[in-house]
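**Student:** Kindly generate the corresponding structure for this input.
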Amino acid sequence: MLAGDHQSLKKYGRELVAADPGSVSGHFYLGEAKFRQSAWSEALVEFTTARSEYRRNHPDDQSQFMNVRINQLIEKIYNMP
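**Tutor:** Numbers count the residues shown, from 1 in each chain. Now for the predicted structure:
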């Protein structure tokens, strides 16, 4: 992710989701790839899916990064021309 290679993020995300539709990492990677492509609505879907799956598997642990990303996306979507 640090290299900024959104194509690889998308590829790995798709592979993970194909193997396990509830893959938190897969949806997270897809969300990050869409975020880097400025595809805000699609990124929001992937991050909210990742967060929902994460919370389902870890009900007592909240991932702050996903919440921050989701909030960033909501701001971008609502501030679109």
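**Student:** Show me what secondary structure element comes after the longest helix along the chain.
**Tutor:** Counting residues, the longest helix in the chain under DSSP state H turns out to be helix 40-57. Using DSSP states H and E, the helix or strand that follows helix 40-57 in sequence is helix 64-78.
**Student:** Report all helices and strands that that next one contacts.
**Tutor:** If contacts are counted by 3 or more CB pairs under 8 Å, 6 or more residues apart in numbering; DSSP states H and E, helix 64-78 sits against helix 24-36, helix 40-57. Just so you know, the C-beta spots here come from the backbone N, C-alpha and C atoms, and that holds for glycine as well.
**Student:** As CSV, those helices with mean pLDDT would be great.
**Tutor:** Shown next, in CSV, are those (pLDDT from 0 to 100):
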stretch, mean pLDDT
helix 24-36, 93
helix 40-57, 92
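**Student:** winner for burial among those helices?
**Tutor:** helix 24-36 (a mean of 23; mean count of other CB atoms under 10 Å).
**Student:** Who are the packing partners of that one?
**Tutor:** Going by 3+ CB pairs under 8 Å, 6+ apart, helix 24-36 lies up against helix 6-19, helix 40-57, helix 64-78.
**Student:** Which elements pack onto the shortest one?
**Tutor:** Helices and strands in packing contact with helix 6-19 are listed as helix 24-36; criterion 3+ CB pairs under 8 Å, 6+ apart.
**Student:** And for the longest one?
**Tutor:** Where contact means 3+ CB pairs under 8 Å, 6+ apart, helix 40-57 is packed against helix 24-36, helix 64-78.
**Student:** on that earlier part again, quick one, the longest helix of the chain and helix 6-19 angle?
**Tutor:** 40 degrees (axes from the mean of the first three to the mean of the last three CA atoms, to 10 degrees).
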